[in-house]
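Novice: Prediction below, plus the sequence it came from.
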Amino acid sequence: MSVTQYRKVATLAVVAGLGLGLAACSTKGDSSSDASGKVVITVDCMPDGSQKELLKNWNDDVAAFEKLHPNVTIKSVSVGAQCDNPPDFTARLAGGTMADVFYAYMTDLQQVLDSGQVAEITPYLTKDTVPTWDSVSAAAKASFSEGSKVFGVPTNAYSMGLLYNKNLFQQAGLDPKNPPKTWAEVRDAAKKIAGLGNGVAGYSEYSAGNTGGWHFTAELFSQGGSILSSDNKKADFNNDMGKKVLQNLKDMRYTDNSMGAKQLLQWPDLLTNAASGKVGMFVGAPDATTAIVTRFQGKYQDWAMAPMPGEGGPAKGTLGGGEGYFFKKGLSEDQIKAGLAWLAFEKLTPGKGQFDYARAKPQNQPVGLPQPQLFTPGSDAFKQDDEAKKANANVTVDDFSLFISNPVPIRFEPPNAQAIYAILDGAMSAILTDPNARVDDQLKKASEKVDQALAAAAK
């Protein structure tokens with residue numbers, strides 16, 4: 001659940017070699033080709049009409065790619081500004097109406113495999129098709145793989161921390177250079193910020209649209225807890241660590257009145273409030289600031305980021321996630337190679353596509369955020385990307401220095417995450433909307449429902 005950014009490609013020379021292998025593929029008589037013999041693939045997650053600049057960049061990139069690969073035609077599909085609305089995604093998957101190369105969250109692997117609608121791409125992943133594949137982090141790859149079999153390509157990865165409004169910190173007498181390090185400190189700071197009045201929430205939280213369960217997971221990881229047992233067969237959050245997460249939120253909501261009266265917030269609700277200067281702190285990924293600015297008219301200079309808070313000390317873990325693309329079952333070899341060439345071109349080449357900071361900077365797109373965290377630190381691709389990012393930074397890198405210099409162990413999302421998040425939304429929404437809701441009861445109810453869902457999925 002992270003904002004995908006599209007950037008225009010600067011030059012074609014680095015990936016020119018990819019065109020040769022595709023040009024040599026025979027497509028004559030293949031149903032995957034058009035009347036002219038070109039390989040045709042549909043690709044989704046094209047920006048929608050409300051994202052005019054991003055849409056132009058996408059179309060420019062497609063045109064540049066097709067010029068480099070004259071035997072390939074890309075047909076772009078928009079599935080909404082967020083690309084993956086879980087209910088819509090599930091419906092497309094069930095009906096087999098996905099694009100040939102379709103966007104999904106890292107958490108969707110099991111659902112995609114269970115659908116029987118995905119192609120294995122292991123044999124096609126080479127340095128010729130995706131030159132930077134060896135530099136992509138093992139954790140990101142694992143989210144799109146089952147054992148030794150690869151079914152998708154990660155195109156973004158992130159980890160979560162504490163985003164905070166520097167202006168509100170100063171107004172509340174807090175030091176923006178010394179943000180909260182523990183959940184107790186978050187609670188204290190939230191009370192001071194909420195004391196400013198004018199509808200300001202000291203701390204804001206999701207509780208609907210699967211986002212509440214997503215944040216519960218992140219905050220449980222900070223405590224050192226786990227959503228599932230080690231064998232992934234049972235819920236493992238109905239315990240003291242799960243109680244601390246919900247009790248802390250309930251205390252801030254009703255004892256301190258520091259979270260605002262309006263709850264049941266989803267992704268756009270919270271970020272709209274943040275952009276209008278009505279949120280002091282919230283948990284998120286670095287590019288939440290991008291959405292605040294590009295979609296909700298906020299300002300980069302208002303925001304800074306710290307590591308995920310912990311319980312009485314540094315966090316024991318933080319949630320990592322991201323997104324990528326799967327390939328629809330039934331595609332020809334030519335279509336799979338064409339899809340990999342497009343993803344390499346647009347998403348996985350330092351200095352190009354989403355990493356083309358020299359083009360992003362004059363377009364006033366953010367350069368300098370510690371995301372996407374795709375490449376393994378120390379790898380050639382990581383070094384190239386880091387150098388280009390520093391050379392073209394247009395956001396205050398220092399605003400993210402605490403987050404960067406104090407890394408927290410990253411844990412990725414559990415199997416069947418979206419189904420689990422939907423259940424945990426119920427516990428989060430109850431705690432934040434009903435002062436009489438009991439933490440123990442909500443955890444017990446959610447735990448039982450997760451166990452039932454896991455048992456049903458295993459049949």
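Specialist: Perfect, thanks for sending it.
Novice: what's the longest helix out of those in the chain packed up against?
Specialist: As assigned by DSSP state H, the longest helix anywhere in the chain is helix 439-458. Counting contacts by 3 or more C-beta pairs under 8 Å, 6 or more residues apart in numbering; DSSP states H and E, helix 439-458 packs against helix 240-250, helix 417-433. Every residue, glycine included, has its C-beta placed from N, CA and C.
Novice: show me where pLDDT drops low in the stretch 151-300 of the chain?
Specialist: Along the stretch 151-300 of the chain, the model assigns pLDDT under 70 to no residue.
Novice: For Ala94, see how far away the closest residue to Pro86 other than its chain neighbours is.
Specialist: Closest residue in space to Pro86, ignoring its immediate chain neighbours: Gln418 at 4.8 Å, by C-beta to C-beta, 6 or more residues apart in numbering. Going from Gln418 to Ala94 by C-beta to C-beta, to the nearest Å gives 14 Å.
Novice: Please apply the same query to Pro307.
Specialist: The spacing between Pro307 and Ala94, counted by C-beta to C-beta, is 39 Å.
Novice: Among the two, which residue is more densely surrounded?
Specialist: With neighbours defined as other C-beta atoms under 10 Å, Pro307 and Ala94 compare such that Pro307 has more, 22 against 11.
Novice: Contact partners for the more buried one?
Specialist: 161-162, 181, 314-315, 318, 402-403, 406-408 (C-beta atoms under 8 Å, 6 or more residues apart in numbering).
Novice: likewise Leu113?
Specialist: Under the criterion of C-beta under 8 Å, 6+ apart, the contact list for Leu113 reads 146, 151.
Novice: Enumerate the beta-bridge partners assigned to Pro154.
Specialist: Going by DSSP bridges, Pro154 is paired in beta bridges with Gly324.
Novice: any idea how far Met106 lies from Thr182?
Specialist: Relative to Thr182, Met106 is positioned 28 Å away (criterion: C-beta to C-beta).
Novice: Have a look at those two and say which one is more surrounded.
Specialist: Neighbour totals were compared for Met106 and Thr182, and Met106 leads with 25 against 16 (other C-beta under 10 Å).
Novice: Please report the distance of the closest residue to that one other than its chain neighbours from Gln82.
Specialist: In space, Met106 comes closest to Ser143 once its chain neighbours are excluded; the distance is 3.8 Å by C-beta to C-beta, 6+ apart. Distance of Ser143 to Gln82, computed by C-beta to C-beta: 19 Å.
Novice: When those two are compared, which one has more neighbours?
Specialist: Neighbours around Ser143 and Gln82, counted as other C-beta under 10 Å, are more numerous at Ser143. The numbers are 23 against 17.
Novice: In three-state terms, label Ala315 for me.
Specialist: Reducing the assignment to helix, strand or coil with DSSP: H, G, I helix; E, B strand; the rest coil, the entry for Ala315 is coil.
Novice: pretty sure it is touching Pro309, no?
Specialist: Yes - if you go by C-beta atoms under 8 Å, Ala315 and Pro309 touch, sitting 6.1 Å apart.
Novice: what do those two both touch?
Specialist: Ser222.
Novice: My guess is Ile431 contacts Lys250. True?
Specialist: Yes - counting by C-beta under 8 Å, Ile431 sits close enough to Lys250 to count as a contact (4.8 Å).
Novice: Name all residues that sit in contact with these two at the same time.
Specialist: Listed contacts common to Ile431 and Lys250 are 437, 439; contacts here mean C-beta under 8 Å, 6+ apart.
Novice: more neighbours, those two?
Specialist: Counted by other C-beta under 10 Å, Ile431 and Lys250 do not tie: Ile431 has more neighbours, with 28 against 20.
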